[in-house]
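> give me coordinates for this.
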Amino acid sequence: MIKTLKVSMAVAGLSFSALTFAVAQQSEVKVPKLDKKISREAFLRDKLTDNTVGYVRLPTQFGMAFNIKNKASDKVMTNDVNERMMLHLKKVLQDPSLVNEALKQHLSVPLEQLPLDLGQLTSLIYTAVDGPIEIMATDMNKMISPATQALIVVPVQFSSAKELDEALVKLLKQDIGIKNQNGFYSFPPVASMYLDAKEKRLFISIAQKAQSEAQLKQTVDALKSTKEHRMYAYENQIDLTGQNFFVWADVTGSRDMIAMLAQKDVPTAAEFIQNTEGLAFGVGTTANQQGQAKFITKTNTQKIAALKDFAQPLDFKTVGKPQSLAVVALPSKQTVIELLKKNKVVDDAQLQEFAKQSEARLSFNALDLLDIMGPQAVAYEDETGSNFAIGVQNKEAFQQLIKQLESKDYATHTVNKGIHELKLKNPLLDLMQKLSKTDPHPDVMTNTALQYGMLQPWFAEMISAIYGVRAWDANFYLYWNEEQNWIVLNTLPYSLAERNKAKVSVSKWLEDQGIRSSGLLMSYTAEIKGAEEAWYRDYVKFMRNNYDLLGQKFDPFSMPSPSSMKFNPTSRIGLHTAMDKEWFVVSLDYDISPFYGYSMFTGQGAIGLVGALSSFALPAYQDYTKRTYVAEGMALSTAAKIASTEYFAAQGEWPTDNEEAGLADPELITGQAVNGIAVTGGGQVYISYNYNVQDEGYLILQGEPTESGSVNWYCYQTNLPEKVLPATCRNEVMFEDETYQYDDSEYGVELGEAVEAAEAATEAAQ
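Coordinates of the predicted model:
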């Protein structure tokens, strides 16, 4: 049953794609009224306990369709004709016989040979599942570990346990003897389930040891309504509807170990992790009704060297509203030097050499530009065309820089009608001439021909036509206006002459779209012409294909015509990264999704589902399932690796068993496909798998100390097929040959005892 539920959840999430992101801690989004015909409301989000460390919400296929917010889909999804078409599609999907008849036309394997009735599975997903599936992870130590428990809540349409039992028998094509005790089901060793017929919800508990009926009911009864949980600080910035896809995790308890593991290779990332409390990702709506997907972390950004410079407001103006805009924040010279040295990219000697060469070639240190220019650079297109602007923090230093360039005798600076012109002699031509003179076997005629060719206008035009840059012009020209703390640059002066008409505040323009300009690290926003209509045309084709797959008649004229929908001629899309003192945000927001292929969207139809169900008939699906189970063992081994690493750091030697490492006995660290996790000495962790992967299957992980004092872990040996291993394992693991014995002294560990413990766990589970 747990396997079936996992399959259902996987299918429901298969068509989720990365959609969208934006900024603002307190959203002003008006929460739409939930259509009860489509989906029930979320349940767990208002009942998270103090020791909750993670929360996941997976919307139903049809619920997600009506809750995703973007301007085009709002028009389509609220259209009466389209709603009738979708509800008809849902009704067809609720009929197992119709689904099976359709699948027969597309599958090469007879349905009778499959272990599941796929029509019944589809019916369960579209009929029985009646709202978002939610998962709450709890841990008394407030960290993700093998001791973490999961409570899964699935809203269903079953009015009794007997009705659920009958559905399971139809799904599995047999009565597998699952014992029903007034709605309570036990699935040892780790899972149990309870159907609350009054609430019409399935409560599934997954823990190190399966909860009893009394324990599970006590867990459910203890769920009290609250709006004060720390998760809301994250969700309020992403999805106030409480219906869309959302993931949140608290990393406070785990961050020290994660940061320690990252310290050697990526110290900046380690510093970021060390100052982060939690993270979240989800799909939602911005304040001005744009769709969005957003990733956020709650991070003390003031303690991170790489971010300490970025808190400046954006006080720039354009001529009319921008058609496109890209903003990048520039760090200070000292911040860049600290980052380069901390991440061991350069040392002091290399920095001194860079400064020396820069002074010789440019007459100034190029890194000094970071303290002269910035802290923001803006590339934009407005009514004057394409332009580039950059902030100036030190005007005197900037003017001195221009004078230094002139002193090198290859730059000329003039000012005409307030517009500055800088003519630079093309350094590439000089470079090519110098290279020709260093030829150890000079050919006077050849070098002269080369130099002469470079000076011909047609050569410069050819290079420009091929590469799009005027790299071989005799001189380079740059024009700019000086405006308060900005210089606005262009390669021709015409648009600069129109800068007196600049009235539109970029900061206000961004904020009107729900994008905070202060603390902006990077932003790009642009208009796409005809995107809404293109999306809708693809959507109609998508619906037609769904009807075809299910053997239903579809008339395109039954859908509203594109012209009748009155779509907007242009749509906006924006990608943004911003921060303040406690939040770091990456956001993609849009009027209409940039992923025009509608079959990539969340479940607004059947194609993703039918395609997913078809995979049950393929051997590749079994390999996928086994890879999932192998990954379960890798995840369960995390605590053993962490405990072994900590023991080695403190004692200078490896723990010899679970007890010495401070872990539970091997047979108590189990999963659906894992018999046990054993620390076996010599820096090795032994994962024992059951029949779900392979009888007597195992995978050995090996810890290896580094010179910096940290520990790297890699896959050491296994008897599992290569195709079920994680990709990172396949190139490093040694595969067992026929003569290998578990207790072979070659490996320097007491693997025999670990295997016996794991086998004992298997027998106990069976």
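
> tell me where the stretch 301-450 of the chain has helices.
333-342, 348-362, 369-372, 395-407, 427-437, 444-454 (DSSP state H, counting those that start in this stretch).

> name the helices or strands packed onto the third one?
Under the contact criterion of 3 or more Cβ pairs under 8 Å, 6 or more residues apart in numbering; DSSP states H and E, the helices and strands touching helix 369-372 comprise helix 333-342, helix 395-407. Every C-beta, even on glycine, is put in place using the N, C-alpha and C of the backbone.

> so which of the ones you listed gets nearest residue 352?
Among these, helix 333-342 comes nearest to residue 352, with 11.4 Å by Cβ to Cβ.

> neighbouring contacts of that closest one?
267-268, 305-306, 308-309, 331, 345-348, 351, 367-368, 370-371 (Cβ atoms under 8 Å, 6 or more residues apart in numbering).

> still on that earlier bit, which stretch in the helices and strands packed on helix 369-372 has the least confidence?
With a mean of 83, helix 333-342 has the lowest mean pLDDT of these.

> send the alpha carbons of that helix over as PDB?
Extracted in PDB, the C-alpha atoms of helix 333-342 (Å, rounded to 0.1, in the frame of the first residue of the first chain):
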ATOM      1  CA  LYS A 333      37.600  45.800  -4.300                       C
ATOM      2  CA  GLN A 334      38.300  44.600  -0.800                       C
ATOM      3  CA  THR A 335      35.300  42.100  -1.000                       C
ATOM      4  CA  VAL A 336      36.600  40.700  -4.200                       C
ATOM      5  CA  ILE A 337      40.100  40.300  -2.900                       C
ATOM      6  CA  GLU A 338      38.800  38.600   0.300                       C
ATOM      7  CA  LEU A 339      36.700  36.200  -1.700                       C
ATOM      8  CA  LEU A 340      39.500  35.300  -4.100                       C
ATOM      9  CA  LYS A 341      41.900  34.600  -1.300                       C
ATOM     10  CA  LYS A 342      39.400  32.800   0.900                       C
END
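
> go through it and flag the buried ones.
Buried residues in helix 333-342, counted by 16 or more other Cβ atoms under 10 Å: 333, 335, 337-338.

> what's the answer for stretch 113-130, then?
Buried, per 16+ other Cβ under 10 Å, within stretch 113-130: 116-130.

> any idea how far apart the tips of that stretch sit?
30 Å (Cα to Cα, to the nearest Å).

> and it, how far out from the chain middle?
30 Å (Cα atoms, centre = their mean, to the nearest Å).

> could you do stretch 254-266 as well?
Counting by Cα atoms, centre = their mean, stretch 254-266 comes out at 20 Å from the chain centroid.

> list of residues touching it?
Counting by Cβ under 8 Å, 6+ apart, 143-145, 251, 269-271, 273-274, 276, 343, 642, 645-646, 706, 708, 710-711 sit against stretch 254-266.

> point out where the stretch 501-650 of the chain drops to low pLDDT.
Low-confidence regions of the stretch 501-650 of the chain, defined by pLDDT under 70, span residues 593-625.

> residue ranges for the helices of it, please.
Using DSSP H, counting those that start in this stretch, helices in the stretch 501-650 of the chain cover 506-512, 531-549, 562-565, 607-614, 619-636, 638-651.
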